[in-house]
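Q: any chance you could fold what I've pasted below:
(chains A and B)
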Number of protein chains: 2
Amino acid sequence: MTRTIISSPTREVMIGFDQPFVIIGERINPTGRKKLAEEMKVGDFSRVEADALAQVQAGAHMLDVNAGIPLADEPAILAKTIQLVQSLVDVPLCIDSSITDALESGLAVYQGKALVNSVTGEDEHMERVLPLVAKYGAAVVAITNDETGISEDPDVRFEVAKKIVNRAADHGIGREDIVVDPLVMPIGALGTAGRQVFHLLRRLREELLVNTTCGASNVSFGLPNRHGINTAFLAMAIANGLTSAITNPLHSEIGSVVKAADVLAGNDENCARWIASNRDSASAETGRRRGRRGVAPT
Amino acid sequence: MTRTIISSPTREVMIGFDQPFVIIGERINPTGRKKLAEEMKVGDFSRVEADALAQVQAGAHMLDVNAGIPLADEPAILAKTIQLVQSLVDVPLCIDSSITDALESGLAVYQGKALVNSVTGEDEHMERVLPLVAKYGAAVVAITNDETGISEDPDVRFEVAKKIVNRAADHGIGREDIVVDPLVMPIGALGTAGRQVFHLLRRLREELLVNTTCGASNVSFGLPNRHGINTAFLAMAIANGLTSAITNPLHSEIGSVVKAADVLAGNDENCARWIASNRDSASAETGRRRGRRGVAPT
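A: Next up, the predicted model:
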């Protein structure tokens, strides 16, 4: 059983096949949030504070922190954001940047064992990011693209993941500290996007024995009723081995489907968390079973 | 690709790995429905009529018809119910009884190619039901228990399914006309129930190459917020190969998760059915993509 441990000074989160699914809150990210970007740039972190508290309140087990603002001092802003968030909430963080200096600046101030988001399979990128991950004793999200881009063939993406795991080993980073992102494409644009990811998730779990994460909301991009697609996607991805996701915990359907999937995957002993979180539900039923199949009325 | 074809005089339903998921409406079943049982016994079929119309209206692709009423003339009532339902709706039917005479009486009046529900792996039961299935050119639901009961080991249940498929072949019934029910246990009583079924569904699809169905609601028996468990279960079961389910289409969440799963499994070309069924949804989004990952805001 591969278990990835991420921590804050007071809390440890374990990602693993036999563990409850881990929700990483995606909200602290100025990409596509113009107002948030402007505020963070001028040192107004009130929205970051509110997002941090709201996501943890809504059930996020970890928070992703990104400070990717064009023409801003990303390393400084990211470090400041991380310190602020760590002063407010005790969940472990995912330090998210495509700029190596920003990752290092974030790692330098982070208290605990962070999840670095991310490293790709590009040689040059691996050689910049993996030494940092090793230096700070962090874990890292491995993105399954390389110099050739993102392959539509999930088996090619599997090979990229394998390459990153092997390269990480050269840096003394074990596979338990690699969380692979299989890359979720919008299914409205690519009809095989779901099948691709499910196939890849299964191989990552069964052959490469690694934990996984993904930006789950991307699958429904451009479609109506995105929550309907997103929740079904999460359940199906978990059924194929996904062990964490970077997503929006403020959508209550997300928390609900993840808790149900924990029950069904056998990772909620005696359904205790399900029962606790649905204590007020009126739909508990104790009626007779039906027929020879034991089908209960619903 | 294994495709199971079931038909009425005017409509054909195809169950298959590359086909939209098939919902078999479960409501026309007096087991556990005292009022319906009393009415059917005295020849009042008004509730059957309403249930038939409502389920098809709600999106059922087929209807299960059961007339299992204690101390009643089940063969006569089942035949009458089938004739009535076929006069009202054009979806194919699943003829459901544990009494062989009732199955035969139902098959004798059924117009089209029916799905017989069901045969178990018990020798004596196979020798009674399979000749009937062959005689009427029907398909049949194969339940994975035998003389020894229902094993908690999914690999034992797999062997039972295999035995039924082999025996059916002796009667000239191909595997495309066997729809295996892996048997879903209540997860509140058996924490491994989900894992068992998912494992078995995968083997049934990959090794035995058969279509599958199940009484999906049973998994949540005794738990609060049953719909939450049931919808996640359906998505996860479909992700593992389930191709149809006997369930309640009147719960709108069922239809929605099944349609989303069709999209994600690549069985809804260009997402056409999803878009059509969510035409009025306000949540269609065409906003920018986010960041290097292409994660869209939700």
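
Q: count of residues packed around the closest residue to residue A:154 other than its chain neighbours?
A: Nearest residue to residue A:154 in three dimensions, chain neighbours excluded: residue A:200, at 3.9 Å (C-beta to C-beta, 6 or more residues apart in numbering or on different chains). Bear in mind the C-beta positions are built from the backbone N, C-alpha and C, glycine included. Residue A:200 is flanked by 26 other residues according to other C-beta atoms under 10 Å in any protein chain shown.

Q: now do residue A:98
A: When neighbours are counted by other C-beta under 10 Å, residue A:98 comes out with 18.

Q: wait, doesn't it sit right on residue A:74?
A: No: distance between residue A:98 and residue A:74: 9.3 Å, which falls outside the contact criterion (C-beta atoms under 8 Å).

Q: between the two, which contacts overlap?
A: Shared contacts of residue A:98 and residue A:74 (C-beta atoms under 8 Å, 6 or more residues apart in numbering or on different chains): residue A:68.

Q: the residue nearest to residue A:154: what secondary structure?
A: Here residue A:200 is recorded as helix under DSSP: H, G, I helix; E, B strand; the rest coil.

Q: that one against residue A:182, yeah?
A: Yes: with contact defined as C-beta under 8 Å, residue A:200 and residue A:182 form a contacting pair (4.4 Å).

Q: joint contacts of these two?
A: A:144, A:154, A:157.

Q: of all those residues, which comes closest to chain B?
A: residue A:144 (11.6 Å; C-beta to the nearest C-beta).

Q: tally of neighbours for that closest one?
A: For residue A:144, using other C-beta under 10 Å, the count is 24.

Q: do the same with residue A:134
A: For residue A:134, the count of nearby residues is 16 (other C-beta under 10 Å).

Q: next, see if the one helix or strand it maps to gets close to chain B.
A: Element membership for residue A:134, per DSSP states H and E: helix A:123-135. No: figure legend: helix A:123-135 not in contact with chain B (C-beta under 8 Å from any C-beta of the partner chain); closest approach 11.5 Å.

Q: quick revisit: for residue A:192, see how far away the residue nearest to residue A:154 is.
A: 12 Å (C-beta to C-beta, to the nearest Å).

Q: how about residue A:227?
A: For residue A:227, the distance to residue A:192 - C-beta to C-beta - is 22 Å.

Q: could you do residue A:105 as well?
A: Residue A:105 sits 39 Å away from residue A:192, going by C-beta to C-beta.

Q: and those two? which has more neighbours close in?
A: residue A:105 (23 against 14).

Q: pretty sure the more buried one is in a helix, no?
A: Yes: assessed by three-state DSSP, residue A:105 belongs to a helix.

Q: what strand or helix carries the nearest residue to it once chain neighbours are set aside?
A: Spatial nearest neighbour of residue A:105, excluding adjacent residues (C-beta to C-beta, 6+ apart): residue A:75 at 3.7 Å. Element membership for residue A:75 (DSSP H and E) is helix A:74-88.

Q: list the contacts of that helix.
A: A:8-9, A:28, A:40-41, A:45, A:48-49, A:52-53, A:63, A:65-69, A:93, A:95, A:97, A:99, A:101-102, A:104-106, A:108-111.

Q: again, 7 Å this time
A: By C-beta atoms under 7 Å, 6 or more residues apart in numbering or on different chains, the surrounding residues in contact with helix A:74-88 are A:8, A:28, A:40, A:45, A:48-49, A:52-53, A:63, A:65, A:67-69, A:93, A:95, A:97, A:99, A:101-102, A:105-106, A:108-111.

Q: before we move on, what about stretch A:91-107?
A: For stretch A:91-107, using C-beta under 7 Å, 6+ apart, the contacting residues are A:6-8, A:11, A:13, A:24, A:29, A:56, A:60-68, A:74-76, A:78-79, A:82, A:85-86, A:110, A:112, A:114-117, A:128-129, A:132, A:136, A:138, B:292.

Q: and the gap between residue A:223 and chain B?
A: Going from residue A:223 to chain B by C-beta to the nearest C-beta, to the nearest Å gives 6 Å.

Q: and that residue, how many residues sit next to it?
A: 24.

Q: confirm that it sits in a strand.
A: No: the assignment for residue A:223, made by three-state DSSP, is coil rather than a strand.

Q: skipping adjacent residues, who's closest to it in space?
A: Leaving aside its sequence neighbours, residue A:223 sits nearest to residue A:188 (C-beta to C-beta, 6+ apart; 4.9 Å).

Q: and the longest strand along chain A, which strands flank it?
A: With secondary structure taken from DSSP state E, chain A has its longest strand at strand A:22-28. Applying DSSP bridges, strand A:22-28 is found paired with strand A:62-66 (parallel), strand A:244-247 (parallel).

Q: average pLDDT for the last one, rounded please.
A: In this case it means strand A:244-247. Taken as a whole, strand A:244-247 carries a mean pLDDT of 97.

Q: and for the first one?
A: Averaged over strand A:62-66, pLDDT sits at 98.

Q: please save the CA atoms from it in CSV.
A: Output of strand A:62-66 as CSV, limited to C-alpha atoms (Å, rounded to 0.1, in the frame of the first residue of the first chain):
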residue,chain,number,x,y,z
MET,A,62,-5.6,20.2,2.0
LEU,A,63,-5.5,23.6,0.2
ASP,A,64,-3.7,24.4,-3.0
VAL,A,65,-2.0,27.8,-3.0
ASN,A,66,-1.1,29.5,-6.2
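
Q: got the angle for it vs helix A:74-88?
A: Computed with axes from the mean of the first three to the mean of the last three C-alpha atoms, to 10 degrees, the direction of strand A:62-66 lies at 150 degrees from that of helix A:74-88.
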